[in-house]
Structure formats: structure tokens, C-alpha cells
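> okay, predicted coordinates and the sequence, questions at the end:
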Amino acid sequence: MEKIKVSLKCMDCGKEYAPVAIYRCGCGGLLDVVPDMEYLKKKVSKGLFDSRLKERTAPYGSGIWRFRELVHPLVSDTDIVSRPEGNTNLYAHKKVENYMGVDSVYLKHEGENPTGSFKDRGMTVGMSEAKRLGMKKVACASTGNTSASMAAYASMAGLKSIVFIPEGEIAFGKLSQALAYGSQVIQVKGNFDDAMSLVQESSTALGIYLLNSINPWRVEGQKSIMFEMLQQLSWKSPDWVTVPAGNLGNTSAFGKAFEEMKELGFIEEVPKIAAIQAHGANPFYSMWKGMRSELSSVKHPKTIATAIKIGNPVSWKKALRAIKYTNGVVEEVSDQEIMDAKAVIDSSGVGCEPASAASVAGAKKLRDAGVIGKKEEVVCIITGNILKDPDATINYHFSRIEGIKPAWPNKPTVIEPNLEAVRKVIG
Ligand code: F0G
């Protein structure tokens, strides 16, 4: 078997580690998976990845493992835990383009993954690594989607899973998934950031494998959103990729994906990343706007988009590196902007959960400000399925969300059961 040199490297002090179950360097820095570029340069090509498109079953039928050499070259077939996932569609819709004022917009719908969010892409790689390492228990803190995904993949792998969620703060669709797939669910009396620090402490103390995006293998899997997008666009970069930003795993992963694609000669131009935060949970935006070099956390984050209700994002340093590398930007949007953008995405037939709509709301705001040009090509990442948070959708259409005046409410009409009444309301 070929010898492949893969290591984990601290982004702060540069110390390298063999790929074992660690998530931070001794100095506290975040770890990157360092791929074996010499091996990759010999091994991978557009032709190789395109030839795997005809596969339907795992591993190569997965939109993650199709790029196996780039996401985890060390894992064996028997350790791969895959549904399979990925292969999500790009949607173009006039309504969205008009709303944004941009001629060419694609929505990449990550809500089409097996558990309804992009998390499955990082989870298949993280869970396969847990198996490769012989771990017996896995854990995560979550605003909902990570827990839903981890619960499903742990059950497939036959591992015990424990999720730490902020009490009463996650959407019902997500909580129901974690329970149904069989995780042990621990509700923490606090917010996501409290749950996140508790799970880090607990996993280290109790020998549990941590599957948040602080785990560098999760980031490796999420790079595939960009690999797949580029493949769908015939390996031609769009001008912009906009992405909702919470714990900043995706932003980090996209930057790493582009660095690798560029180094391997797959693309000439690197797309600019626009990371979009909710106004009430905007520490990364504040840092960016204030041109500060350190992040100050938001103590009591508040937004209707519970998935990105995060005040102290773990991966901010990697995300900042990604924004700088791609010459990108960070933006913030209000809950009103999020919910109106969601109504546009929903009524175009695509649909999404609130956090996902931040990518479209943010792109519109950047277009209005002239940062994104009308003729530029924009891909907005839709991170989660519309069914994840039906309460938010219903409450919007019933005008029941405090502080939000829906631009396009669509409230049902109640009638007597007769044809006349139907005639009257249909007109
Ligand atoms: N969109 C959705 C639907 C999410 O669930 C998340 C994160 C994000 C966007 C933000 O992505 O963290 O990579 O910046 N959800 C995590 C969770 C935190 O626990 O499910 P990010």
C-alpha cells in the first residue's frame, strides 16, 4: 500500500501531530489536516472525479467520498460510514435573481443531504475517522443540525452518541431527529456557547470522540460542498460564494477547499467568500468591521435563526484566514431580512430553514451596497431543509413573530364547507 503522509498541524505555532484523537494543539491553537500534496498531485484529476459521477452507491456515489483522496485518504472502505450523502442540486430561479438584483444566482441546496443539512458532509468523514481510531462514544454540542446528523451516523456506525443542546433553544425538527435516531440528549441550562465549552471539557475528561467542527476531519468533509459546486460548474469558479456563518466551520472549510483546488491546478480564479451573520449573533462581523485581530464574543446572542445563534464561534481564526485568502467579506443581516429572504426562497419552490436564508439576504445586501456586481455569478449556500423549523415558517405567515412584519405573509383562509364560499375566496 502507498505511504501517504497526512498530519494535523497547529495553525498558531505550527506544531505537527500524527492523526490521533486531538482537537487543539497544546498551545490552544486550532488544528488543520495537512494533506500530502505530492501524493495528491500524482493521484487526482478532474477526469478521476468526473468518472466517479456514474457511481450510485457508497463510497464513490457519495458527493463527499467521490473526492476521497482530498477528504480522507487514510480511511479504509470498511470504516467508511456513508448514507451516501452530498450530490445536492444547484437551483437557478428568476424570482431569487430579481430579488437580489443579480443576473446569475445559484442556490446550492445542502438541505438535500440525508438528515436535511450540510452537516452530513462533515459527519460522514468525522464518523469514519471515529471508527478508524476505534472510538466507542461520540459527542457534540449543537444548535440542532449537528446533533441530528451525528445521531444518525453514530447509529449507522454502531457507536453511542451523546448530544449537548441548549435547553429550549433548538428547532423541533432537529430535536426530534436526535431523539429518534437514538442519541442520549443532554439539555444544558445555558446557550450554545455554554454547551460547546461543556462538551469539550467532557470529551477530554471522559475519552469521548468530539464531532463538532473544531474536529479538523469535519472541516475536511465540508470542503466537498465547494469541490462539488466547482464540478457542477464544469470546474469554473463563480465570482462569489455566500454562506450563513455561525460556528464558522463552513467558512473555514470553503477557504481550505479553494486553497487546495488552486494548488492542484483545478481552478485559476478563487471565488470570494461572503460570510453572513445574524445581526444579534455577529461577533465575527463585528471583528471584521472593526478591523480587530481578536474576536470578542457576544454574551447573549439573539436571532430567530437558531442554527446560527452563536456568540463565541470556535473556528473564527480559520474563518478569518479563509476570508482573507479569498479576498472576501463578512456581512450581517437582521431577522427581518432573513425571514423575507426565506419567503423568497420558499416561494420559489426551493425552501429552507431560517439560518440558510442569511446567504441570500446577505448577497442582496452586498448587491445593494455595490460590493457584488449585477453581472457577477453568485452561489448562495442553502444550509438546511425547510422542514427543520416549521414553527418559524408558520409564525412568519401568521405575522406572529415579534418585531417582524412579513413582506409576503400567506395565511390560510378559513371557510364554511360549501362551493359558494370557495368561489368567494378564489375569486
Ligand atoms: N446553517 C445551518 C442550518 C446550521 O445548522 C449551521 C450550524 C450554520 C448554518 C452555520 O454553520 O457553524 O459552519 O458557520 N449549525 C451548527 C449545529 C452550529 O450545531 O448544528 P457554521
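Happy to help now that I have it.

> measure the closest residue to Val20 other than its chain neighbours to the ligand for me?
Take Val20 and drop its neighbours on the chain: the residue closest to it by CB to CB, 6 or more residues apart in numbering is Leu133, 7.1 Å away. Where C-beta positions appear, they are placed from N, C-alpha and C, glycine not excepted. To the ligand, Leu133 is 22 Å away according to CB to the nearest ligand atom, to the nearest Å.

> just checking, Leu133 touches Ala21?
Yes - if you go by CB atoms under 8 Å, Leu133 and Ala21 touch, sitting 5.5 Å apart.

> okay, these two: which has more neighbours?
Ala21 (16 against 13; other CB atoms under 10 Å).

> secondary structure class of that one, three-state.
Recorded secondary structure, Ala21: coil (DSSP: H, G, I helix; E, B strand; the rest coil).

> where does the stretch 201-350 of the chain have low pLDDT?
Under the criterion pLDDT under 70, no range of the stretch 201-350 of the chain is flagged.

> which residues touch the residue nearest to Val20?
For Leu133, the contact set (CB atoms under 8 Å, 6 or more residues apart in numbering) comprises 20-21, 209.

> likewise for Ser224?
63-64, 66-67, 70-71, 86, 121, 257.

> cool, Pro313 as well?
Neighbouring residues of Pro313 by CB under 8 Å, 6+ apart: 245-248, 283-284, 295, 319.

> these also near the ligand: which ones?
Restricting the contacts of Pro313 to those adjacent to the ligand (criterion: CB under 6 Å from any ligand atom) gives 245-248.

> ok, of the residues you listed, which come out buried?
245-248 (16 or more other CB atoms under 10 Å).

> which of the residues you listed sit farthest apart?
Pairwise distances across those peak at 8.4 Å for Ala245 and Asn247 (criterion: CB to CB).

> Asn113 touches Thr124, doesn't it?
No - if you go by CB under 8 Å, Asn113 and Thr124 don't touch, sitting 9.5 Å apart.

> what is in contact with Leu133 and Ala21 at once?
In contact with both Leu133 and Ala21: Tyr209, using CB under 8 Å, 6+ apart.

> more crowded one of Asn113 and Thr124?
The neighbour comparison of Asn113 against Thr124 (other CB under 10 Å) goes to Thr124, with 35 against 28.

> tell me the contacts of the more buried one?
Thr124 neighbours (CB under 8 Å, 6+ apart): 62, 64-65, 80-85, 153, 221.

> surely it is within a helix?
Yes - assigned with three-state DSSP, Thr124 falls within a helix.

> picking up where we left off before, in TSV, list the contacts of Leu133 along with distance to the ligand.
TSV is the format used below for the contacts of Leu133 (distance: CB to the nearest ligand atom, whole Å):
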residue	distance to the ligand
Val20	24
Ala21	20
Tyr209	16
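
> export those as TSV, with columns for distance to Leu387.
Output for those, formatted as TSV (distance: CB to CB, whole Å):
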residue	distance to Leu387
Val20	38
Ala21	34
Tyr209	29
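
> can you give me the buried ones in stretch 68-85?
Buried residues in stretch 68-85, counted by 16+ other CB under 10 Å: 68-73, 75, 79-85.

> sorry, that was for stretch 276-283
276-278, 280-283.

> same thing with stretch 16-35?
19, 21, 23-25, 29-33, 35.
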